[in-house]
Structure formats: structure tokens, C-alpha cells
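Participant: Provide a 3D model corresponding to the input given below.
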Amino acid sequence: RFRFSEAKEVYEEILQLAPNSFKATLALAFFNSRHNRPEAARKGFEQSLKLAKNNEDSAEALNLFAIFNANENEVPEACQQFLSALTTYKELANTAPKVYLPRVSGVLRNLGMAYDMLNDYAKAKFFYEACLTILRELAEQTTDVYQLDLAGVLNSFGLCDSRYGFKADALAKLNDSLRI
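Facilitator: Alright, predicted model coming up:
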């Protein structure tokens, strides 16, 4: 059985030993975001961005901070953070596509969901379609790894289509997701 209070104590102990640890700071911020401690989470995400040692760290922290902000209904701010993370991951994908294209697709999906939350169907559709393009390519190369991601995005996009009245498109995407 997992004991959350002990996990929090471990992160805090690591930070006592290594107060400038990016990974531990980010992990504790994420932990706090998932355990209804928004003030501690925000502070941790802000600190992790200061501690980021490279572009990969910055993009990871921005993406997680954006997810937190979207969950806190601060969606416009989340979109800006997702866009910054996307720019960085795209740059990193130019040198190591196998490592970073999955992260690009994840941020694109997050942007699709965020713009859906803002009732901006055109932008949501744009980011979902970009995500699907990458995931389909990745799924062709490594079927077992990316099929579930592909199904999840088709499901999210289908639900988005449905909310905006595009029933036929929604049904097609939802059926495709169920076939995977």
C-alpha cells in the first residue's frame, strides 16, 4: 500500500540534502499538485523553473506547470506555458526525434484540450490534428508503444467534435479509437 505522507517526506528529505535539485523540486511540486496543495505546488513549479539547468528541464517543468494551471482553471496562462514547452521540445526533436517527438505530441494534445476548455474549436482542432499526425507516424514505427496514445487522442478529439456539434466527425474518431 502506497503511503502518500511518506512520499512527501522523502521528497522533502531529498531537498534538505540537495536544496537545488531540479528533479526533486519538480517531483514535489507535481506531488503537491495531485494532492490538493495548490499553493505549495505553484511555489514548487516556480522554483523548478528557476532551477532548470537546460532546455529539456525547462520544457518538462513548463508542461507540468501548465497542466497544473489548466486544472486550476488558469487556462490562458496554461496555454502560454504549453506553447513555450512546445517550442523547446520541437527544437530538441530536431536533434533527437525518437526522444522528443513523443513529448511534442503530448504537449500538442494538452494544447488541444486547453483550447477546447477555452471554447476555441479552431485552435483545439489544429493542435489535435498536429498531435495525431505525429502519433500516427510514431505508431507505424512502434505499434505497441503508441497505439494507446493514439486511441486516447482520437477519443479526446472526438469528444471535442461532439461538443461543437460535429457529430459525424465525432462518431468516426470515437469508433477509430475503439478499434485500436
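Participant: Return the per-residue confidence for Lys8.
Facilitator: With respect to pLDDT, Lys8 scores 80.
Participant: Check Ala27 too.
Facilitator: Confidence score, pLDDT, at Ala27: 93.
Participant: Measure how buried it is and give me the count.
Facilitator: 19 (other Cβ atoms under 10 Å). Heads up, the C-betas are built off the backbone N, CA and C, glycines and all.
Participant: Show me which helix or strand of the chain is least confident by mean pLDDT.
Facilitator: helix 4-17 (a mean of 84; mean pLDDT, DSSP states H and E).
Participant: Buried residues, that helix. List them.
Facilitator: Lys8, Tyr11, Ile14, Leu15 (16 or more other Cβ atoms under 10 Å).
Participant: Nearest to Leu108, out of those: which one, please.
Facilitator: Of all the buried residues of helix 4-17, Leu108 sits closest to Tyr11, with 29.6 Å by Cβ to Cβ.
Participant: what distance separates the least confident helix or strand of the chain from the centre of its chain?
Facilitator: Between the centre of helix 4-17 and the centre of its chain there are 24 Å (Cα atoms, centre = their mean, to the nearest Å).
Participant: next one: stretch 51-68
Facilitator: That offset, for stretch 51-68, works out to 11 Å (Cα atoms, centre = their mean).
Participant: Can I get stretch 142-150 in CSV, CA atoms only?
Facilitator: The C-alpha coordinates for stretch 142-150 follow below in CSV (Å, rounded to 0.1, in the frame of the first residue of the first chain):
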residue,chain,number,x,y,z
THR,A,142,6.4,1.2,-32.9
THR,A,143,2.8,0.0,-32.9
ASP,A,144,2.7,-1.4,-29.3
VAL,A,145,4.0,1.7,-27.7
TYR,A,146,1.9,4.4,-29.3
GLN,A,147,-1.5,2.8,-30.1
LEU,A,148,-3.0,3.6,-26.7
ASP,A,149,-1.8,7.3,-27.0
LEU,A,150,-3.4,7.4,-30.5
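Participant: can you map out the helices along the chain?
Facilitator: Taking DSSP state H to define them, one finds helices in the chain at 4-17, 22-34, 38-51, 55-71, 75-95, 97-117, 121-141, 143-163, 167-179.
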